[in-house]
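# Kindly return the folded structure for what I paste below:
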Amino acid sequence: MGMSMKPWVRSLRRMGVVTALLACGWVQAQTGPVHLLVGFPPGGGTDAIARTLADKLKDQLGMPVVVENKAGAGGQLAAQALKAAAPDGLTVFLTHDHTISILPQVVKNPGFDPAKDFVPVAGFATFVNALAVSGGTPAKSVTEYVAWVKSQGGGKGTVGVPAPASTPEFLVGVIGKKYGLDLQAVPYRGSAPMMADMLGNQIAAGTGSVPDFIENHKAGKIRVVAVLGAQRQATLPDVPTLAELGLAGFDDMPYYGIFAPAGTPKAAIDKFSEALAKVVAQPDVKDRLTNMGLTVGFMDQATLAKREQAYTKVWTKLIKDSGFVAQ
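Below you'll find the model as predicted:
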């Protein structure tokens, strides 16, 4: 029978072998490197987080882990690169909520569909967004910032945001409406260039994640004046929440997670997930991420998927209620 096996049978058997190799070969034979995509430029909060994890992941995976910055369009370019990558377990995307949960709702043709093109691998933290003022701004609180804007520009002001049509940009609109200010969001290509302009007093205020601001806040170069979330942050105990100031509706915590191209073998996903769980459990890593303003907590594939779906649902309503039209 072996001698007379039809070509299509041999082909199917070969395909079976290939499938098996894809499923287990990454664990047993791959030498890497693993490409850890980041959608923002070097120097920002997300980049710092990625490099902290990459340094430790290489030991757990037994292969190099290279951070690859593909900055632009709020992580859109990195997401497109992930979609185009081979589903071999050697390319993954470290990102926060914006690129996965929000960007597909505010851009007509993002070039990817998270539900079809990506698969969750694991999550490792939640965080909150914040409002910060630059060192050249005398304000030390939201009330003082509002008064300063009214005194300087008759209620008109500009606020930096790390990406267009992002949670920080929507936050600018909410703050403006709450306090009767005409605030214009100024989008940047990531938090690093926004922070550079804040440090140079080129822009008076900015909104972004706590990890974007925490280092310069602690150094006294900028001042975080409010945070989102249901409670104050351990790293910023003296900074009030927006809920305390009368701005409710922003309590759901955004997340950081890692995603892979659809079709990535489960063995590869499990291997990376197990490695990430061990890394974030290490005291030095947990302390460093906590000091960056993250609430560290490992999420397996299913947990990350549920959080992403829930967060997307929340922001679908917020975006719809805001009247924002996809660009």
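
# centroid residue for the chain?
residue 96 (1.6 Å; Cα atoms, centre = their mean).

# List the contacts of that residue.
Neighbour list for residue 96: 46, 127, 209, 254-257 [criterion: Cβ atoms under 8 Å, 6 or more residues apart in numbering]. The way it works is simple: take the backbone N, C-alpha and C, and place the C-beta from them, glycine included.

# least confident pick among those residues?
Lowest model confidence among the contacts of residue 96 falls on residue 254, which carries 89.

# Specify which member of the contacts of residue 96 is nearest to residue 295.
Of all these, residue 127 has the smallest distance to residue 295: 6.6 Å, by Cβ to Cβ.

# what sits against the closest one?
Contacts of residue 127 (Cβ under 8 Å, 6+ apart): 96, 209-211, 253-256, 293-295.

# Helix or strand for residue 159, just tell me which one.
In this structure, residue 159 sits in strand 156-161 according to DSSP states H and E.

# List the neighbouring strands of that strand plus their orientation.
Neighbouring strands of strand 156-161 in its sheet, by DSSP bridges, are strand 182-187 (parallel), strand 205-209 (parallel).

# So which residues make contact with the longest one?
Contacts with strand 182-187, where a contact means Cβ under 8 Å, 6+ apart, come from 149, 155-164, 166, 168-169, 172-173, 175-176, 203, 207.

# Tabulate the strands paired with strand 156-161 in CSV, adding columns for mean neighbour count and distance to residue 319.
Formatted as CSV, those follow (neighbours: other Cβ atoms under 10 Å; distance: least, Cβ to Cβ, whole Å):
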stretch, mean neighbour count, distance to residue 319
strand 182-187, 16, 15
strand 205-209, 28, 16
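
# Residue 141: which of those is closest?
Closest to residue 141 of these is strand 205-209 (Cβ to Cβ; 12.4 Å).

# Using CSV, write down the CA coordinates of the closest one.
Output in CSV follows, covering the C-alpha atoms of strand 205-209 (Å, rounded to 0.1, in the frame of the first residue of the first chain):
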residue,chain,number,x,y,z
ALA,A,205,-0.6,70.0,29.9
GLY,A,206,-0.9,66.5,28.7
THR,A,207,-3.0,63.4,29.3
GLY,A,208,-1.7,59.8,29.1
SER,A,209,-1.1,56.8,31.2
